[in-house]
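S.K.: build me a structure from this.
(2 chains)
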Amino acid sequence: MSMKVKTRQVDGVTILDLSGRITLGEGSVTIRDAVRDVLAKGSNKILLNLGDISYIDSSGIGELVSAFTTVKNSGGELKLLNLTKKVHDLLQITKLYTVFDVKDDEATAISSFTK
Amino acid sequence: MADSTTMRVSYTLDSSLDSVNKVEQIAEDFAARAGFDEDTVPHIAMAVREAAVNAVLHGNSYDTNKHVTASFETTTDSLIIRIADQGPGLDPDTLPDPLAPENILRGSGRGIFLIKAFMDEVNFRQLHPGTELTLIKHRTPAQPGT
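M.R.: Just a heads-up that it's a prediction; the model follows:
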């Protein structure tokens, strides 16, 4: 199953609702393109909703990290929302859980972005 | 009921992402049949996927003239998986630590780390040419076959 992205705007934050798998050759490129498109449109407050991500591999983790640094280097913020247990555990193992700003409630996540 | 009978199967595959997905699925099925629990089976499958990605991408560089071999074996106390490529070879001692502060924000380099995290033993063997990874997961006392 490939990855799908739905984009929506809430209070100046671009939310990318991701579903499916983030793996080499599937979701990795999709995330990269989606984040690049958001930045190109002038928005740099991005919330990745991973609630429907069923699987992620090391390439997918790397893509999340790359997205994080790309947005940060552009002066913006990228946060993660609704991690599944699998993704949560992977970020713990790789010590990335404290690198990302991880939220489990959308409203709280939206209000946490710099105004 | 899980089958703990000792058995072994081998595959020769193209250097493609389809092969990676196929090996991952085989690993998942094999681990489940070997009696590993629902938390461990996805970890084994992910470790095998990462090994297959290394073989296809970093080993064989998607070269259509090179193949990846994968073998799956259950013994009375372990699941043993071997993934081999025909690439230039890999020295595991030269791999950077992905947990080091200077590497934590790198966009790659976590595959071998995850394999080691999810398997009980990981061994590298240099082929001529290529690299063979042997991934071993031991059955726990609660599982059949011990």
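S.K.: hmm, B:Met46 is touching B:Lys116, no?
M.R.: No - taking contacts as CB atoms under 8 Å, B:Met46 lies outside contact range of B:Lys116: 12.0 Å. The C-beta positions use only the backbone N, C-alpha and C, and glycine is treated the same way.
S.K.: neighbour count: those two, which is higher?
M.R.: Each of B:Met46 and B:Lys116 has its neighbours counted (other CB atoms under 10 Å in any protein chain shown); B:Met46 has more, 26 against 15.
S.K.: what about that one, which SS state?
M.R.: Following DSSP: H, G, I helix; E, B strand; the rest coil, we place B:Met46 in the helix state.
S.K.: now do the contacts for it.
M.R.: For B:Met46, the contact set (CB atoms under 8 Å, 6 or more residues apart in numbering or on different chains) comprises A:Asp57, B:Glu24, B:Leu114, B:Phe118.
S.K.: B:Pro92 too?
M.R.: Contacts for B:Pro92 (CB under 8 Å, 6+ apart) come out as B:Ile112, B:Phe124.
S.K.: do you know the pLDDT at it?
M.R.: As predicted, B:Pro92 sits at a pLDDT of 88.
S.K.: how near is it to A:Asp17?
M.R.: Note on B:Pro92: its distance to A:Asp17, by CB to CB, to the nearest Å, is 38 Å.
S.K.: residue ranges with poor pLDDT in chain A?
M.R.: A:1 (pLDDT under 70).
S.K.: also chain B?
M.R.: Filtered on pLDDT under 70, chain B yields the residue ranges B:1-5, B:141-146.
S.K.: who touches the host helix or strand of B:Leu13?
M.R.: Using DSSP states H and E, B:Leu13 falls within strand B:7-14. Strand B:7-14 has contacts (CB under 8 Å, 6+ apart) with B:19, B:22-23, B:26, B:30, B:64, B:67-74.
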